[in-house]
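Asks: just to be clear, the model below is a prediction. Sequence and coordinates:
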Amino acid sequence: MKFLIAAAVLAAAFSGASAAAAELKVLSAGAIEPGLARVVDAFRRASGTEVKLQFNTAPQITKKLADGETADVVIAPPGVLDAEVSAGKLSADGRIMLGRVGAGVFVRTGATPPDISSDATLKQALLGADSIVYNTASSGQYIAKMIEKFGIADQVKAKTTRYPDAGAVVEHVAKGKDNEIGFAPIPEIKLGEPKGVTLVGPLPGDLQNYTTYAAAEHTGATAKDAAKAFLTYLAAPEAKQTFKEAGIE
C-alpha cells in the first residue's frame, strides 16, 4: 500500500521524465536527520531522483543562505524560513510542515541515569553532574535559558561544554568517563544510541521545549519539478509516519 501511495504522489507531482532524472539538493537542520534520511531513501526508490542532503544547524543555514549558497529545498524552523522568504531566497508558496522535535536528556551507555522526573530533580542532577554538554543551536539556546531560570548558571558554567551541533555533543558524551549529562533533540539522541549513549527521557512536563520544522522551495532552485515533487512527498501519509517513528511529532 505504501508503494502505491508513493507512486500516486510522484505521478501527480512530476511533470516529465527530466524531473525524475534531476539531482535534488536539500539543505536541512540536523535535528530531523533520522526521519528525513529514511524519507529521502524512500523518495529515491520511488522517483529515481538523486538527493544530496546537507545537514547544518539553523544559524549555519542562515549564514550559508546569506553567503549566497543555494539549494532546491530548505528545511528549518518556520522563523528561519520566514526571514528567508522576506529576503527573497525562499518561496512563500508550497511550504510543508514536517513536525516538531522535543529536547531530551541523555547519558553515556552504562552510566547511572539521573532523576529528571521534575524541575527540582533535574536541577539537582545538573548541580551534581561532573559535566554538562549541549549545543549552541536552537535547542541549546533553550537549555541555556532553562539553566538560567534555575538560578544555577554561575554554578555550572565551569563544567559546561558546548558544541555547534548535537552530533558533536553525542560524540563527546559517548566517549566520556565522568558523570556527564547531555541535552539534544530527541531524534538526534536516538540516532546516536548505537554510538554509546542512552536517552534518559524528554525534559519534564512544563520544561519541555519543542522546535517545529518545515520545508520550502528555494527561489534559485535548479531542479524545480523535483523540488515540488519532493515537497509533495513530504506531505504524504507514509512520510509523516516515518517522521513520527523517528521521534518527530
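Replies: On my side now, so go ahead.

Asks: in the protein, where is pLDDT below threshold?
Replies: Scanning the chain with the threshold set as pLDDT under 70 gives 1-21.

Asks: ok, now how distant is the residue most central in space within the chain from Gly68?
Replies: By CA atoms, centre = their mean, the chain has its centre lying nearest to Ala31, at 1.5 Å. Distance from Ala31 to Gly68, counting by CB to CB, to the nearest Å: 25 Å. (Each C-beta comes from the backbone N, C-alpha and C, glycine too.)

Asks: for the residue nearest to the residue nearest to the centre of the chain when sequence neighbours are not counted, the count of nearby residues, please.
Replies: Distances taken as CB to CB, 6 or more residues apart in numbering place Pro185 nearest to Ala31, at 3.9 Å, with adjacent residues excluded. Pro185: 30 surrounding residues under other CB atoms under 10 Å.

Asks: who does Pro185 bridge with?
Replies: With beta bridges defined as DSSP bridges, Pro185 has these partners: Ala103.

Asks: that one contacts Ile143, doesn't it?
Replies: No - using CB atoms under 8 Å, Pro185 is not in contact with Ile143, being 10.9 Å away.

Asks: which strand or helix spans the nearest residue to Leu81 once chain neighbours are set aside?
Replies: If the residues on either side of it in the chain are set aside, Leu81 comes closest to Ala216, at 5.1 Å by CB to CB, 6+ apart. Element membership for Ala216, per DSSP states H and E: strand 210-217.

Asks: could you check how many residues crowd around Arg38?
Replies: Going by other CB under 10 Å, the residues that sit close to Arg38 add up to 15.

Asks: and if you look at Gly68?
Replies: 8.

Asks: that one falls within a strand, correct?
Replies: No - assigned with DSSP: H, G, I helix; E, B strand; the rest coil, Gly68 falls outside any strand and is coil.

Asks: so how far is Ala92 from it?
Replies: As for Gly68, its distance to Ala92 is 20 Å (criterion: CB to CB).

Asks: repeat that for Glu217.
Replies: Distance from Glu217 to Ala92, by CB to CB: 10 Å.

Asks: what about these two, which has more around it?
Replies: Glu217 (23 against 13).

Asks: make sure that one is actually in contact with Ile96.
Replies: No - between Glu217 and Ile96 there is no contact under CB under 8 Å: 9.6 Å.

Asks: overlap in contacts of the two?
Replies: Leu231 (CB atoms under 8 Å, 6 or more residues apart in numbering).

Asks: dihedrals phi and psi, Thr136?
Replies: Taking degrees, to the nearest 10, you get phi -100, psi 10 for the backbone angles of Thr136.

Asks: distance-wise, check the nearest residue to it once chain neighbours are set aside relative to Lys25.
Replies: Nearest non-adjacent residue to Thr136, counting by CB to CB, 6+ apart: Arg162, 5.2 Å away. From Arg162 across to Lys25, the span is 29 Å (CB to CB).
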